[in-house]
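Asks: below is the structure, and that's it, no one-letter string:
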C-alpha cells in the first residue's frame, strides 16, 4: 500500500461518502445506483437542475456545480472518502458520429485539473478517474504496462494529458481505462434503432479493425470493486475482454432486433463524410486496439457479467421490452 494512501486512512472508503462527477450521465446514473445499493452515500454532480430528478430516482443526492472550477468543487468534495471522476465518459460510446467530442480537447485537461485541485484541497482520500482504453492506440493485447500511444487527434492527446494530471496530482488515485460503453441506458443505441427502421446506411470504418467494449453495469461494478479495494493499482484496464469490430456490433444489433443488415458507407469515401462524421470518430474506427483485463480480474475479483457484446446487446433488448419499449 503506498505510504501516502496509508496516511489518509487505514480503512477503505466503501460504505461512506462518494462524489460522482457526471452524475446525470448514462454511466453516472448506473454508478450511483450501484454504490447506493452497496451502502454508500452518493453525491452526484449534475450540469443543471432539470436533470436532478434522475439522480434522486437513482438514490443519489444531486448537486449543481461547474466541474471546470475547482473553487466550486471544494465544498462538494469536502468530507468525501472517494471521488469518481466520470463526466469525461459521456463521449466514450463509439456509437455517435464524433460530434460528442466537440470541445473536449480544451475541456479534458481543464476539468481534470479542477477536479484534482479540489480533491487535494478538500482532503479527499481517493480519486478514481475514468479514462479510455483507446489511448493505447494501434496496439494488440495491451496491458497496464503498455505505453499509451494516443490516436492521431488532439482530443486524445488531451485525454493523455488529463491522465498525467491525475497521476501527478498528489491525491491517491486510480486511472480506469474503459472500453466503449453501451447498455439499455444508451440513447445512441436507440438512435440506431430509428436508423434501422429508415434503412439508413452508417459508417462502420474498415472491417478489419477491432475495439474494446464494456456494458455500463460492468463498468459500475468494477468501480465499486476499486473503491472497496482501496488503494487499487494506479492504472486498470476495464474492458469485457472480447474486442470486436464496430460494424460487427451494429450489424448484430440489427439482426437481434429483426432488421436486415444495414448498409455500410465505404471507407474509401471517408473524406466525403467528414462534415457529418467527425475526425475523432473516423480515427477511432480506423484503429485496432485490443486490451487485456487480467489485472482488474486478479486485483478486484471482478469479471464482466456481460463478457461479450452479444450478451450485453441481448440484455439491452430484454430490458427495453420489459419497460414496454418497442
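Replies: Perfect, thanks for sending it. It should be emphasised that the depicted structure is a prediction, and the values quoted were computed from it without experimental measurement.
Asks: now do the strands in this structure.
Replies: Along the chain, the segments classed as strands by DSSP state E run 17-21, 41-46, 61-64, 82-85, 126-132, 139-142, 173-178, 180-182, 213-215, 235-238, 289-291.
Asks: can you get me a residue count around residue 276?
Replies: 10 (other CB atoms under 10 Å). For glycine as for every other residue, the C-beta is placed from the backbone atoms N, C-alpha and C.
Asks: quick one: contacts for it?
Replies: For residue 276, the contact set (CB atoms under 8 Å, 6 or more residues apart in numbering) comprises residue 97.
Asks: how near is it to residue 303?
Replies: According to CB to CB, to the nearest Å, residue 276 stands 38 Å off from residue 303.
Asks: also residue 251?
Replies: 27 Å.
Asks: okay, those two: which has more neighbours?
Replies: Neighbours were tallied for residue 251 and for residue 303 using other CB under 10 Å; the higher tally belongs to residue 251 (18 against 14).
Asks: quick one, which of the strands of the chain is nearest to residue 102?
Replies: Among the strands of the chain, the nearest to residue 102 by CB to CB is strand 126-132 (16.5 Å).
Asks: residues making contact with that closest one?
Replies: With CB under 8 Å, 6+ apart as the criterion, strand 126-132 contacts 5, 8, 13, 27, 81-86, 88-89, 92, 112, 115-116, 119, 156, 159, 162-163, 166, 169, 171-178, 223, 226-227, 230-231.
Asks: then stretch 102-121?
Replies: If you take CB under 8 Å, 6+ apart as the criterion, stretch 102-121 is touched by 21, 67-71, 73-74, 76-77, 83, 85, 87-88, 91, 127, 129, 154-155, 157-159, 161-162, 165-166, 169-171, 278.
Asks: mind checking which of those residues land in helices?
Replies: Mapping the contacts of stretch 102-121 onto helices (DSSP state H) picks out 70-71, 73-74, 76-77, 154-155, 157-159, 161-162, 165-166.
Asks: among these, name the buried ones.
Replies: For the ones in helices among the contacts of stretch 102-121, a burial check counting by 16 or more other CB atoms under 10 Å picks out 70, 73, 74, 76, 77, 155, 157, 158, 159, 162, 165, 166.
Asks: reformat the residues you listed as TSV; add pLDDT and distance to residue 40.
Replies: Formatted as TSV, these follow (pLDDT from 0 to 100; distance: CB to CB, whole Å):
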residue	pLDDT	distance to residue 40
70	96	24
73	97	19
74	97	21
76	97	16
77	97	15
155	96	32
157	97	34
158	97	30
159	98	27
162	98	25
165	98	26
166	98	21
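Asks: return the closest of the residues you listed with respect to residue 263.
Replies: residue 155 (28.2 Å).
Asks: who's in contact with the closest one?
Replies: 101, 104, 105, 108, 280.
Asks: wait, what's in contact with the nearest residue to the first one once chain neighbours are set aside?
Replies: In this structure, residue 101 finds its nearest non-sequential neighbour in residue 280, 4.4 Å apart by CB to CB, 6 or more residues apart in numbering. When contacts are counted by CB under 8 Å, 6+ apart, residue 280 is found next to 98, 101, 151, 153, 155, 156.
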